[in-house]
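In: what's the 3D shape of this:
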Amino acid sequence: MDFIDQIKQDMYSAMKSGDKIRTNILRTLLSSLKEKKIEKRDSLNEGEYVNVIKRLVKQLKEAADTYQKAGRLELAEKETLELNILKEYLPEIFSEEKTLNLVKEVIAQTSANNLSDMGEVMSAVMQKSKGKVDGGIANRLVKELLQ
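Out: Got it, this is the predicted structure:
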């Protein structure tokens with residue numbers, strides 16, 4: 001089943017059960033996916049699907065942080081609920097140990113030996129993981145290993 005079809009089914013289920021928050025965030029996700037599909041003029045692959053969701057997750061995190069700092073706790077909570085719903089559609093993120101193993105493997109393959117090679121290593125790590133690595137964790141590990 002296509003990503004978009006699955007999200008549509010989940011949205012319809014949420015509508016039937018009266019879950020307005022889930023319905024709204026899935027509607028937003030569908031809109032973003034369709035927009036990306038139109039922009040690409042072709043169907044989306046798994047990597048592009050994940051990137052769209054990650055972009056929305058990042059926006060929701062930033063909004064929740066902003067609301068939290070402004071003392072608008074009810075809005076921050078709403079953003080956090082939406083964030084948790086979107087995370088259900090992301091592939092499982094690698095653990096720190098698995099990320100470390102991947103980073104070590106890439107460093108060995110690229111023969112990287114100092115921080116000037118960091119961009120090459122990060123690019124290879126992100127390509128090999130297909131969006132399943134937390135970029136912040138990978139970045140930290142690459143810096144530690146190349147110093």
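In: what residue ranges in this protein score low on pLDDT?
Out: 1 (pLDDT under 70).
In: can you list the domain ranges for it.
Out: 3-87, 96-146 (automatic domain parsing).
In: Quick check: end-to-end length of the last one?
Out: Translated: domain 96-146. Domain 96-146 has an end-to-end distance of 17 Å (criterion: C-alpha to C-alpha, to the nearest Å).
In: Repeat that for the first one.
Out: Domain 3-87 has an end-to-end distance of 14 Å (criterion: C-alpha to C-alpha).
In: rewinding a little: format the domains of the chain as a markdown table; extra columns: mean neighbour count.
Out: In this view, the C-beta of every residue, glycine as well, is placed from N, C-alpha and C. Shown next, in a markdown table, are these (neighbours: other C-beta atoms under 10 Å):
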| stretch | mean neighbour count |
| --- | --- |
| domain 3-87 | 15 |
| domain 96-146 | 15 |
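In: Which helix or strand contains the residue nearest the centre of the chain?
Out: With distances taken as C-alpha atoms, centre = their mean, Lys54 lies nearest the centre of the chain, 2.7 Å away. Assessed by DSSP states H and E, Lys54 sits inside helix 46-69.
In: the helices in this structure, which residues?
Out: Using DSSP state H, the helices assigned to the chain run over residues 3-17, 20-40, 46-69, 73-87, 96-110, 118-129, 135-146.
In: Quick one: residues in contact with the fifth one.
Out: Think helix 96-110. Residues from elsewhere that reach helix 96-110 (C-beta atoms under 8 Å, 6 or more residues apart in numbering): 94, 112, 117, 120-121, 124-125, 128-129, 133-134, 137-138, 141-142, 145-146.
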